[in-house]
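S.K.: give the three-dimensional model of this entry:
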Amino acid sequence: MTVFLNTNGDLKSHKLEVETSSTIGKLMQLAFPNVKQGSDFEEDNEVYLQNQDEDFDKGKTLEQCGVKHGDILFIGKCKRVNLSISYVGKTFNVETTPALLLKNLKKKVSEHFGMTDQEVSDFQFLLNNQAIDDLKVMVGSLVSYSSCCVSLIFAPKRDVNGFIESDQQVFKKDLETSEYLSGEIDGDWGLVENNNGPIWPIVILWVKAKNNQKYYLRFDLTNYNQLAPTAQLWNMETNQPLEQVSWPNWTLRCQQVFRPWGKPCLYLPCDRMAFEGHTNWVQEHPSLVWQIGEDTIFKYINEVYQIIN
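M.R.: Sure, this is the predicted structure:
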């Protein structure tokens, strides 16, 4: 399976192919092959799953630790990271796991300063006056051992770049995230790129089902990702909505999501059109409701993949 690794002082996420039967210790050896055998490397460094507080037992296998394909891991010496975040003259100090994603840190910062979802979506972190665009970076990657502390500035994107990214630019960046790329690499989903294809904000992505059939989804990404996407099954040959007789229907979940119900979209909490009139979904399905300015197309496409597989 494929996992993505982060470590101290390196903002890049590194892809690694590893067996689920490999131990955490073996993972560390594969990740750092130049480390001398018998050194104190394994003893000095710890391994964490994204946003996880407790480090892994190095004698356990990835499967025993619950590590899944596409997961992001942190390997490093800093067991805790002290952060100081500055925002309009105010400071927020917090201690976290080194495996905390900037996406989750952004939520902590917004809650501390009482910012709305709309307000916080236009902000990003600055490290040494350089903007950090990837919210999948872990805070442990921002620090070096042995200080394990860092100061960040939380500033509007317009102050950083002189402009706000367009919704299409945001979407293109989201196609480069490790969570989306891991599925694309495995052939689970992909973007239909066609010079004669639809014009933004319409895009078409495909998702492969358990029978190896590709199902195409025509997305309307208006004001992405400040608004949730909306999508419907699509027939690429006729350039029309897919005929109902061809919809996935082999499980109860398929029948719930892919069904005619009065709106041209999938019956999903993360779908913009479907969410209208279903405010109860916030309490009933909080993990599937679109988080403004935070979620990416991965959330929608991965949910469809889980349903048809």
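
S.K.: only C-alpha atoms for contact and neighbour calcs from this point on.
M.R.: Will do.

S.K.: toward the C-terminus, what is the element adjacent to the helix or strand of the chain at the bottom of the mean pLDDT ranking?
M.R.: None of the helices or strands of the chain scores lower by mean pLDDT, DSSP states H and E than helix 157-161, at a mean of 63. Downstream of helix 157-161, the next assigned helix or strand under DSSP states H and E is helix 167-174.

S.K.: list the buried residues of the helix or strand just after that following helix.
M.R.: Sequence-wise, the next helix or strand downstream of helix 167-174 (DSSP H and E) is helix 178-185. Within helix 178-185, the residues that qualify as buried are 178-183, counting by 16 or more other CA atoms under 10 Å.

S.K.: strands of the stretch 1-150 of the chain, residue ranges please.
M.R.: Chain-ordered strands for the stretch 1-150 of the chain, with DSSP state E, counting those that start in this stretch as the definition, fall at 2-7, 10-17, 46-49, 72-76, 81-87, 90-96, 123-127, 130-132, 149-156.

S.K.: with mean neighbour count added, can I get those strands in a markdown table?
M.R.: Putting these into a markdown table (neighbours: other CA atoms under 10 Å) gives the following:
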| stretch | mean neighbour count |
| --- | --- |
| strand 2-7 | 22 |
| strand 10-17 | 16 |
| strand 46-49 | 24 |
| strand 72-76 | 25 |
| strand 81-87 | 18 |
| strand 90-96 | 13 |
| strand 123-127 | 20 |
| strand 130-132 | 14 |
| strand 149-156 | 19 |
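
S.K.: how about low-confidence regions in the chain?
M.R.: 35-39, 158-164 (pLDDT under 70).

S.K.: okay, now the domains of it?
M.R.: Domains of the chain are assigned by automatic domain parsing as 2-76, 81-161, 167-307.

S.K.: now do the end-to-end distance for the shortest one.
M.R.: It stands for domain 2-76. 19 Å (CA to CA, to the nearest Å).

S.K.: likewise stretch 197-206?
M.R.: Counting by CA to CA, you get 14 Å between the two ends of stretch 197-206.

S.K.: how about stretch 265-276?
M.R.: Across stretch 265-276, the terminal residues are separated by 11 Å (CA to CA).

S.K.: ok, stretch 1-12 next?
M.R.: 19 Å.

S.K.: same thing with stretch 181-195?
M.R.: Rule used - CA to CA; the end-to-end distance of stretch 181-195 is 22 Å.

S.K.: and the contacts of that stretch?
M.R.: Outside stretch 181-195, the residues that touch it by CA atoms under 8 Å, 6 or more residues apart in numbering are 2, 69-70, 175, 203-208, 301, 305.

S.K.: go again with 10 Å.
M.R.: Here stretch 181-195 makes contact (CA atoms under 10 Å, 6 or more residues apart in numbering) with 1-4, 15, 69-71, 174-176, 178, 180, 198, 203-210, 212, 214-218, 298, 301-302, 304-305, 309.

S.K.: what are the buried residues along the stretch of helix or strand Y305 belongs to?
M.R.: Using DSSP H and E, Y305 sits in helix 297-307. Applying a neighbour-count criterion of 16+ other CA under 10 Å, one finds 297-302, 304-305, 307 buried in helix 297-307.
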